[in-house]
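[1] structure, please.
(one chain, ligands or ions: 1)
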Amino acid sequence: MASMLKLVTLLLLSCSVVLASWPSCNCASVQYSGADVEAAMVQGNKTNPSPVFGGRGYPHRFGNREGVKLPYCDSKEYVEYPLKQGKAYTGGPPGADRVIYSTKNAFCGCITHTGATQRNGFVACGVKQ
Ligand SMILES: *[C@@H]1O[C@H](CO)[C@@H](O)[C@H](O)[C@H]1NC(C)=O
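    Model (predicted):
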């Protein structure tokens, strides 16, 4: 009986670990792990927890004039921060890919310049939760 309880507890624990894992993004075949996505959001918030529209540098608010579908958060107050593989962006060329999170720090999706038809526009990346 005790071992049964242990097993159930273990199962519940492993489930919550899976739920707590971060979504990963595929931006025009460039893969970003959950750790990459998390690192970008943590660094973005650390750099500026209250970004504004039209701000210089990153993070800054994202207006989404393209109407990119960002279904992973329930906010429309978006923040963009560059995505990098294996590390968080801390300056320099931002590259083509971004994580989008809400001003309340929830993951909203990933976007990329690669394949966008509008100049400086963005399209959605693939997200795996
Ligand atoms: C940054 O983190 C703080 C603390 O979790 C949170 O209150 C704030 O909304 C976050 N800012 C953004 C832009 O996500």
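[2] what's the spacing between the residue in the chain positioned nearest to the ligand and G67?
    Per C-beta to the nearest ligand atom, N105 is where the chain lies closest to the ligand, at 3.3 Å. The way it works is simple: take the backbone N, C-alpha and C, and place the C-beta from them, glycine included. N105 sits 23 Å away from G67, going by C-beta to C-beta, to the nearest Å.
[3] over to D36?
    Look at D36 and G67: by C-beta to C-beta, they are 25 Å apart.
[4] report pLDDT for T117.
    Predicted confidence (pLDDT) at T117: the value is 93.
[5] wait, a strand at it?
    No: T117: not assigned to a strand; according to DSSP: H, G, I helix; E, B strand; the rest coil it is coil.
[6] contacts only, for it.
    When the contact criterion is C-beta atoms under 8 Å, 6 or more residues apart in numbering, T117 has no partners at all.
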